[in-house]
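Student: model this:
(one chain, ligands or ions: 1)
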Amino acid sequence: MHHFEYRDDELFCEQVPLAKIAAEVGTPVYVYSHATLERHYKVFDNALGANKHIVCYSVKANSNLAVLRTLVAMGAGVDTVSRGEIFRALKVGADPKKIVFSGVGKREDEIVYGLEQGILAFNVESTSELHAIERVAARLGKRAPISLRVNPDVDAETHPYISTGLKKNKFGIGVAEARKTFIDASRMKHIEVVGIDCHIGSQLTKTSPFKDAIARLGELTRSLVKEGVTIRYVDIGGGLGIPYNQEDPPSPAEYGKAIEEAMAAFTGLDVTLICEPGRVIVGNAGVLMTRTLYLKQGEIKNFVIVDAAMNDLIRPAFYDSYHAIWPVKKQSGPQTYVADVVGPICETGDFLARDRALGQKPAEGDLLVLMSAGAYGFTMSSNYNTRQRAAEVMVKGSEYAVVRRREELEDMIKNESVPSFVG
Ligand code: LLP
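Tutor: Just a heads-up that it's a prediction; the model follows:
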C-alpha cells in the first residue's frame, strides 16, 4: 500500500503531481511519500504488538535525514552499520538506547564512537571483533553491551547476494562456536552480554526461514541460560520482502503472527524482541523519477534512453532486479511498445529495465517513474561517470520539500586536490 496514484491519468504522490516536482526540482529525482512511511512503520510496529519489542529501522535502506526523522519521531530505534549511520541517527534525535550497531568489520574508531554514544548493543560478528571491543572498552573504562550475531545456517531463499544466514556466508558466528563465545564473553570484565542476534537475508518472501532461525536462537539461548548467561534482547534482523513484480511476500500481519509463534521458543525468559526492517518500511514509499532523453531503435531492440542511470539506481544492474515503470502521464492503448530502458553510462549493465512492455511508446521528454525505489536506491547511488547524485524530495499531503539538493559540480570535486608535483 502506497500513496503514488493516478488522478485523471496524471501521477500524484499524495496531493502533489509528480510533473510539478520534475518541473521545479528537475530529474532524476527521488520522491518519498511521508504518509506511506508513517503507514508502513505503524503497520509493522502494530504487527509485532503482542511481543515486547523495539523496531530498529535499518538505516542503510534509506538514510536521508528527513526519512530518518519521520521514523524516529514515531518512536523507531535504528539498526546501523557504520559510524556515519550512527551520526545521522543521532542528528535526528534517535535515542542511543535504541541504536544497534551491526556489521562484520567495525573499525576501532567506530567502536569508540558507539561506546561514547552509549548505544544499546554492538551486534558482534566474530571472536576477533569481540576481543577488539573488549580492548577498546577497557581503555575507555567502560562495559560494552553486546549481542552475538549467530549464523543459524538457514536458507533465506532469496538472491544469493543478499542471503546472509548460510554457513558459507561471511556473517555471524556458527551456532557451536557462538555458544562457546557467549560463555567467554559473559566472563569478560568489559563486556556485558545483552542479547542474541541474527539476520538471515533480505527480500524474503516466506515466513519459514524466519521461524527456523528463531527456533535455533531459542535453543541456543536455553542452553546458555543453563550456563548462567543472561539474554535480554532477541534481535531477529530485517529481511521482510516487498512486491516489486510478481512476488507475494507475507504481509506484516502474517510476518508478525509467524514471529509471535516462533518466539514461543523463549517462553519463560524475559526478553525484548528487536527487528531491523529496512526495505519493508521505505521500499514502496519512494520512487525515482526520470525524463526520457532519446528513443533509439537498435537492430533488434528498442531503447528508451533516460536521464537516470545505474549510478542513481544500481539494483537492476547489480541484482537483475525489477522495478515497475509507470509513466507520469498515463496514455491509453495496448501494451505494445517493448524496450530496454537505459541510462547514459558507457556500460552494458547500465539498464533500469530490459525487454519491458511500457504501454504506449514514450515520447522524448516524457517523464517516467521507477517504482519501489525507496530502499537501496539513493543509498547505493554514486558519482560514477562524474554524474551528480540525484535530488531527494519528500511529499507530505499537498506540501513538498527538497530534502537533499541535487549535487553541484563543485560538490563532486571539493575533496580533491592536485599536488604541485603533478605539474
Ligand atoms: N539488518 C542487517 C544486519 C542487515 O544487513 C540488513 C540488510 C537489514 C537489517 C535490513 O534488511 P531489509 O529489511 O532491508 O531486507 N542492497 C540490497 C539489500 C541489501 C541488504 C543488506 N542488509 C538490495 O538492494 O536489495
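Student: surely residue 337 is in contact with residue 356?
Tutor: No - using CB atoms under 8 Å, residue 337 is not in contact with residue 356; the gap is 9.1 Å. (Each C-beta comes from the backbone N, C-alpha and C, glycine too.)
Student: please identify which of the two sits among more neighbours.
Tutor: residue 356 (20 against 17; other CB atoms under 10 Å).
Student: wait, what's in contact with that one?
Tutor: Contacts here follow CB atoms under 8 Å, 6 or more residues apart in numbering; on that basis residue 356 touches 325, 338-341.
Student: so what strands line up beside the helix or strand encompassing it?
Tutor: According to DSSP states H and E, residue 356 maps onto strand 351-357. Its sheet considered, strand 351-357 pairs with strand 338-342 (antiparallel) by DSSP bridges.
Student: now do the strand it pairs with: distance to the chain's middle.
Tutor: Centroid separation for strand 338-342 versus its chain: 27 Å, with CA atoms, centre = their mean, to the nearest Å.
Student: and residue 110, helix, strand or coil?
Tutor: helix (DSSP: H, G, I helix; E, B strand; the rest coil).
Student: the worst-scoring helix or strand of the chain on mean pLDDT packs against which elements?
Tutor: Sorting the helices and strands of the chain by mean pLDDT, DSSP states H and E puts strand 173-174 at the bottom, at a mean of 93. Here strand 173-174 touches strand 144-151, going by 3 or more CB pairs under 8 Å, 6 or more residues apart in numbering; DSSP states H and E.
Student: okay, buried residues for the strand it packs on please.
Tutor: Applying a neighbour-count criterion of 16 or more other CB atoms under 10 Å, one finds 144-151 buried in strand 144-151.
Student: circling back: can I have the buried ones of the contacts of residue 356 as a ChimeraX selection?
Tutor: Selecting only the buried entries of these in ChimeraX, with 16+ other CB under 10 Å as the criterion:
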select :325,339,340,341
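Student: now render the buried residues of strand 144-151 as a markdown table, adding pLDDT and distance to the ligand.
Tutor: Below are the buried residues of strand 144-151 laid out as a markdown table (pLDDT from 0 to 100; distance: CB to the nearest ligand atom, whole Å):
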| residue | pLDDT | distance to the ligand |
| --- | --- | --- |
| 144 | 98 | 18 |
| 145 | 98 | 17 |
| 146 | 98 | 15 |
| 147 | 98 | 11 |
| 148 | 97 | 13 |
| 149 | 96 | 8 |
| 150 | 96 | 12 |
| 151 | 93 | 12 |
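Student: reformat these as a markdown table; add distance to residue 260.
Tutor: Converted to a markdown table, the buried residues of strand 144-151 look like this (distance: CB to CB, whole Å):
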| residue | distance to residue 260 |
| --- | --- |
| 144 | 31 |
| 145 | 26 |
| 146 | 26 |
| 147 | 21 |
| 148 | 24 |
| 149 | 22 |
| 150 | 20 |
| 151 | 24 |
